[in-house]
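In: compute the structure for the input listed below.
(chains A and B)
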Amino acid sequence: MPPINPADLIRDDRVHRAVYVDTGVFALEQERVFRTAWLYAGHESQVPAPGDYAKVMLGPDEVLLVRQADGSLAMLHNRCPHRGSCLVGEARGHLPRFRCPYHAWTFGLDGHLIGVPMSDGYAGELDLRDPALQLVRVARVESYRGFIFASHAATGPSLTEFLGSLASALDNMVDRAPAGTLTQAGGTLRMAYRGNWKLFMENATDLVHPSVVHESSVAAARGHREALDADPQTAQTLQMLLSNGLGMPQWAAVPLHADPHGHVYMGGFYKSGMIAPARTDPVFERYRDALVARHGEAGTTRILGVDRFNNLIWPNLSVNARFGVLRQVQPVSVNHTVVTSTCFRFDGAPSEMFDLTLQFLNTASSASSMVASDDLEIFERCQRGLEENGEHWIDIRRGRAGDSRAADGSVAAPGTSELPIRNQMQAWISHMQAGSSGKRD
Amino acid sequence: MNDTPLLLPCELDRALTRFVFEEARLLDERRFSEWLSLFANDGLYWVPSEPDQASPTDTLSLFCERKPLLAVRIERLAHPSHFSQVPATRTHHHVSGVLVERSTQPGIDFVVRASLIVAESRAGDQRWFAGRTTHHLRTNPAASPYPFEIALKRVDLINCDAPHRILAVPF
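Out: As a prediction, the model looks like this:
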């Protein structure tokens, strides 16, 4: 087979199906996208004390996020340099040092080799300081207001440069916590589909699909409006189902914003009660008072007024600041993807505020979701269709004439445009042509 | 020790056991409206996302729906544009090891625990789920054919924390 030339797979108006179904393309993008880009890798609150660790997937690699004795963070590959065994089996825990379960090589929290049993078997050849015998550290690890990102590439844009205007989505989530910090809580939801990872990211800001794909839940919800008067969680879910039934003019009125590096968000989303109505209940008033105590009246109005939805940090993170929710897309293989959702308590907020965060994810991100299950079905149908050796190209032209480019490189378009897909494809091709992190030889 | 004897009179035990068998059968026969009618008005259908999960209000859930949302789900299952049900899912519930107890919790008369295996088939794909069910039941003389209603149906899957593909039909 000839080597893949990514440039042959993307045109301004079309994408070749190989981008979604070719195993060679998938292997290449694991190297050139997931082993170079900044990826979300966890939250500081998962590892509060020295010795705390959490096992996370950083692209294709299983790594350990470890709180160091001095309070800093390290990210180490979960792999013993001796025979290659994974060191840690639990998803999270606390250890004074890492000890390989195979031959008991021991390593410090920073990954340095402490000791090797039977060291006389090496006849003096083994140097504990040999760089090849330390746990491999992820090249760059940075925390942005508690959100930890990591990159396998030693060089490239800084984290803040990479995040660009999407950093403000993370800012807004933290600002919504009256104490100024977030605590990850509530566990994790994982849903899987037999399709390429890009299908989820492309769909997340596609506003022509909801009234088509989600027609059955909209219709069923419209027949049960009495549920709006039930408990707050039930009402919230019904509101989310109903909101997918908006008409095209309303979707078009949602401004899309595309950033360099492939990021996208939808603005003006919660206006006129989309997804969730404005709250005036006593719990919310207590929450608002706590925010006013920290940020003042004007600051609070500004923070709560940020109404962006599905802030997509390319390649694989979706941020929802209002509900304190992250969704991360994990490619497993070219046609198998897992979407992992986690959420946060707003420190200093009434505990009831977290009820609606859980309900938001139960409604939006469970495999049983009356919304997401429709999307997953469509992703699987897309994958099956793309795997057929028929027409090779798919179309991404919708709304192209309406793209308006600003001086800072960002692009704006009406909600019904396919601008987000074009923007993600541009980031993809730029990574695919730039080469890998160079870490692996 | 509990003041209330755990063992129930034979007829009552049989009726409660039969109730959970019939409940599973309604799902297998896709008689979803009848299934829904077994729930109390404040009844909850709950599938935790973690083993031994204490509560649906501090941790995420695979399903956490009270009767009004179950009604939406059931109505949707019959909609021609419910694309993940085209073709429809077929299920087979295997319920066994049913243990019935009288409850001492307020508002609950009986607790019924059982083992559950569900085989699910759709478009040639077959999946298997295994776990335990816990029914919290109340006496409701107006209910027919069994004088009980479901305050809670909890399903603890052994792989509750695994990634799952679409779960459209209740367990």
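In: any part of the longest helix anywhere in chain A near chain B?
Out: Taking DSSP state H as the criterion, chain A has its longest helix at helix A:282-305. No. Helix A:282-305 is not in contact with chain B by C-beta under 8 Å from any C-beta of the partner chain; minimum separation 13.6 Å. Bear in mind the C-beta positions are built from the backbone N, C-alpha and C, glycine included.
In: ok, then the element right after that helix?
Out: Counting by DSSP states H and E, the next helix or strand C-terminal to helix A:282-305 is strand A:309-313.
In: any part of the helix or strand that that following strand is followed by near chain B?
Out: Using DSSP H and E, the helix or strand that directly follows strand A:309-313 along the chain is strand A:317-320. No. On the criterion C-beta under 8 Å from any C-beta, strand A:317-320 is out of touch with chain B, staying 14.3 Å away.
In: whichever helix or strand comes after strand A:317-320 near chain B anywhere?
Out: Moving toward the C-terminus from strand A:317-320, the next helix or strand (DSSP H and E) is strand A:325-333. No. Strand A:325-333 lies out of reach of chain B by C-beta under 8 Å from any C-beta, never closer than 8.6 Å.
In: what's strand A:325-333 in contact with?
Out: Contact with strand A:325-333 is made by A:23, A:26, A:30, A:34, A:40, A:57, A:59-60, A:192, A:196-197, A:200-201, A:315-320, A:337-344, A:357, A:360-361, A:365, as judged by C-beta atoms under 8 Å, 6 or more residues apart in numbering or on different chains.
In: could you give the angle of it to strand A:309-313?
Out: 50 degrees (axes from the mean of the first three to the mean of the last three C-alpha atoms, to 10 degrees).
In: direction included, what does strand A:325-333 pair against?
Out: Partner strands and pairing direction for strand A:325-333 (DSSP bridges) are strand A:317-320 (antiparallel), strand A:336-346 (antiparallel).
In: alpha carbons only: can I get it in PDB?
Out: In PDB, the C-alpha atoms belonging to strand A:325-333 read as follows (Å, rounded to 0.1, in the frame of the first residue of the first chain):
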ATOM      1  CA  VAL A 325     -19.500  19.100  33.100                       C
ATOM      2  CA  LEU A 326     -16.700  17.700  30.800                       C
ATOM      3  CA  ARG A 327     -17.100  15.100  28.100                       C
ATOM      4  CA  GLN A 328     -14.000  13.500  26.600                       C
ATOM      5  CA  VAL A 329     -13.900  11.500  23.400                       C
ATOM      6  CA  GLN A 330     -11.500   8.500  23.600                       C
ATOM      7  CA  PRO A 331     -10.600   6.800  20.300                       C
ATOM      8  CA  VAL A 332     -10.300   3.000  20.900                       C
ATOM      9  CA  SER A 333      -9.900   2.000  17.300                       C
END
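In: what are the buried residues along that strand?
Out: Going by neighbour count (16 or more other C-beta atoms under 10 Å in any protein chain shown), the buried part of strand A:325-333 is A:325-331.
In: can you tell me which of the residues you listed is nearest chain B?
Out: Among the buried residues of strand A:325-333, A:Gln330 lies closest to chain B (C-beta to the nearest C-beta), at 8.8 Å.
In: for the closest one, list each beta-bridge partner.
Out: A:Gln330 has these beta-bridge partners by DSSP bridges: A:Val338.
In: per-residue pLDDT, it?
Out: Looking at A:Gln330, its pLDDT stands at 97.
In: now do the residue lying farthest from the centre of chain A, the pLDDT please.
Out: No residue in chain A sits farther from the centre than A:Ala123, which is 48.5 Å out by C-alpha atoms, centre = their mean. Note on A:Ala123: pLDDT of 88.
In: got phi/psi on it?
Out: Phi and psi for A:Ala123, reported as degrees, to the nearest 10, are phi 50, psi 40.
In: do you know how far it is from chain B?
Out: 47 Å (C-beta to the nearest C-beta, to the nearest Å).
In: likewise A:Leu312?
Out: 21 Å.
In: so who does the nearest residue to that residue once chain neighbours are set aside touch?
Out: Nearest non-adjacent residue to A:Leu312, counting by C-beta to C-beta, 6 or more residues apart in numbering or on different chains: A:Val264, 4.6 Å away. A:Val264 makes contacts with A:205, A:256-258, A:310-312, A:314, A:419-420, A:423-424, as judged by C-beta under 8 Å, 6+ apart.
In: out of those residues, who has the most neighbours?
Out: A:Pro420 (30 neighbours; other C-beta atoms under 10 Å in any protein chain shown).
In: doesn't it belong to a strand?
Out: No. Looking at A:Pro420 with DSSP: H, G, I helix; E, B strand; the rest coil, it is helix, so not inside a strand.
In: sorry, back to before: out of the buried residues of strand A:325-333, which is nearest to A:Ser143?
Out: If you rank the buried residues of strand A:325-333 by distance to A:Ser143 using C-beta to C-beta, A:Leu326 comes first, at 14.6 Å.
In: which residues does the closest one form beta bridges with?
Out: A:Val319, A:Thr342.
In: please apply the same query to A:Tyr193.
Out: A:Thr337.
In: residues in contact with A:Gly71?
Out: A:Gly71 touches A:Pro50, counting by C-beta under 8 Å, 6+ apart.
In: helix/strand/coil for it?
Out: At A:Gly71 the chain is in coil, as set by three-state DSSP.
In: same thing with the one 4 residues further on?
Out: Using three-state DSSP as the criterion, the local structure at A:Met75 reads strand.
In: with B:Tyr45 instead?
Out: strand.
In: thought it was touching B:Leu70?
Out: Yes. Using C-beta atoms under 8 Å, B:Tyr45 is in contact with B:Leu70, at 5.7 Å.
In: what about the spatially closest residue to A:Pro414 that is not a sequence neighbour, distance to chain B?
Out: Nearest non-adjacent residue to A:Pro414, counting by C-beta to C-beta, 6+ apart: A:Ala252, 4.5 Å away. Distance of A:Ala252 to chain B, computed by C-beta to the nearest C-beta: 22 Å.
In: neighbours around A:Ala252, how many?
Out: Under the criterion other C-beta under 10 Å, the count of neighbours that A:Ala252 has is 18.
In: please pick the buried ones from the contacts of strand A:325-333.
Out: Buried among the contacts of strand A:325-333 (16+ other C-beta under 10 Å): A:26, A:30, A:34, A:40, A:57, A:59, A:192, A:196-197, A:200-201, A:315-320, A:337-344, A:357, A:360-361, A:365.
In: ranges for the helices of the chain?
Out: Assuming you mean chain A. Using DSSP H, helices in chain A cover A:18-21, A:23-29, A:159-163, A:167-175, A:197-203, A:210-213, A:215-222, A:232-243, A:248-252, A:282-305, A:353-365, A:372-387, A:419-434.
In: correction: the question concerned chain B.
Out: Counting by DSSP H, chain B has helices at residues B:10-28, B:32-37, B:67-77.
In: want to try a markdown table for these, with mean pLDDT, mean neighbour count and distance to chain A as columns?
Out: Listed next are the helices of chain B as a markdown table, based on pLDDT from 0 to 100; neighbours: other C-beta atoms under 10 Å in any protein chain shown; distance: least, C-beta to the nearest C-beta, whole Å:
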| stretch | mean pLDDT | mean neighbour count | distance to chain A |
| --- | --- | --- | --- |
| helix B:10-28 | 97 | 16 | 14 |
| helix B:32-37 | 97 | 17 | 12 |
| helix B:67-77 | 96 | 21 | 4 |
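In: do you know which of the ones you listed lies nearest A:Gly164?
Out: Shortest distance between A:Gly164 and the helices of chain B, using C-beta to C-beta, is found for helix B:67-77: 38.6 Å.
In: pick out the residue closest to the middle of the chain.
Out: Because you didn't say which chain, this covers chain A. Note: chain A centre (C-alpha atoms, centre = their mean) maps to A:Leu317, 1.8 Å.
In: chain B is the one I meant
Out: For chain B, by C-alpha atoms, centre = their mean, the most central residue is B:Lys153; offset 4.2 Å.
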